[in-house]
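Enquirer: Whatever this is, show me its structure:
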Amino acid sequence: MSEQQGLLEIKDIHISVEDKEVVKGVSLTIGRGEVHAIMGPNGSGKSSLSNGLMGHPSYKITRGEAKLGGKSLLDMASDERSRAGLFLAFQYPVAIPGVTVANFMRSAVLSHRGKDADMSDFRKLFKKEMSDLGVDASFATRYLNDGFSGGEKKRIEILQMSMLQPSMAILDETDSGLDIDALKTVSEGINRYHNDQNGVLLVTHYQRLLNYVKPDFVHVMMDGRLVKSGGAELALKLEDQGYEWVENELGLKAGV
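Expert: Down below sits the predicted model:
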């Protein structure tokens, strides 16, 4: 993969939380049309990297560069990063009582399109995407994530991604808490979204999501660093031998 193909370019990113460095120099380039996966044990810095790139105020990028489509993300607030084409599906989606799913989605789409945008197609698009993801029509009038199961929250995250059509989607442990049917449905939504003009970064502990969303590249993260990269076969080997295999090969200790 050449630098010219870079959609998301991360160079020597360092991220701190409460003055503790949790991401310690990550470099990664994701090209258009590519699916990358970052795997690693708890505490390795995967979610910290995701939140830092999206601009979460608790995750301070202290050094390095991050560009989307050649534009620096670090000069943008989190909402500007979203409008620039970066999307993050959270590991733990929050509930917003008082705001219905339909109103939330409409506000998000309007924000991305601009205040003078034609929204005449919104209802048709919203109903179609809900149907494709197996989300019951009754969810449109329910408050966002309020009382939703883990699987329902993850479907709503993918619904939002499908509505916004970002150029770069970071999916932070989207498979967490999903039964096999929900996993298949969510994976189908990711695959419908993905095309040769956008990019996907999957952050996960386990290989099972990668049975349905095939990665072009797999990276192993430990102690805040990417320590090993390979193709889809790397995820299969991790599933078979665990992270201890990487620790032993590289003389590392996982989960710190």
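
Enquirer: switch to C-alpha atoms for all contacts and neighbour counts from now on
Expert: Fine.

Enquirer: what helix or strand does residue 79 sit in?
Expert: Using DSSP states H and E, residue 79 sits within helix 78-84.

Enquirer: Can you mark which positions in that helix are buried?
Expert: For helix 78-84, the neighbour count (16 or more other Cα atoms under 10 Å) marks 78, 81, 82, 83, 84 as buried.

Enquirer: Make sure the second one is actually in contact with residue 72.
Expert: No. Using Cα atoms under 8 Å, residue 81 is not in contact with residue 72; the gap is 9.4 Å.

Enquirer: Show me what the lowest-mean-pLDDT helix or strand in the chain is packed against.
Expert: Within the chain, no helix or strand scores below helix 244-250, which has a mean of 87 by mean pLDDT, DSSP states H and E. Of the remaining helices and strands, none touches helix 244-250 by 3 or more Cα pairs under 8 Å, 6 or more residues apart in numbering; DSSP states H and E.

Enquirer: Apply 10 Å and report the result again.
Expert: With contacts taken as 3 or more Cα pairs under 10 Å, 6 or more residues apart in numbering; DSSP states H and E, helix 244-250 sits against strand 217-222, strand 225-230, helix 232-241.

Enquirer: Now the first one - C-alpha only, CSV.
Expert: Presented in CSV, the C-alpha positions along strand 217-222 are these (Å, rounded to 0.1, in the frame of the first residue of the first chain):
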residue,chain,number,x,y,z
PHE,A,217,-4.9,-6.3,7.1
VAL,A,218,-4.8,-7.3,10.7
HIS,A,219,-2.7,-5.5,13.4
VAL,A,220,-1.9,-6.6,16.9
MET,A,221,-1.8,-4.0,19.6
MET,A,222,-0.1,-4.4,23.0
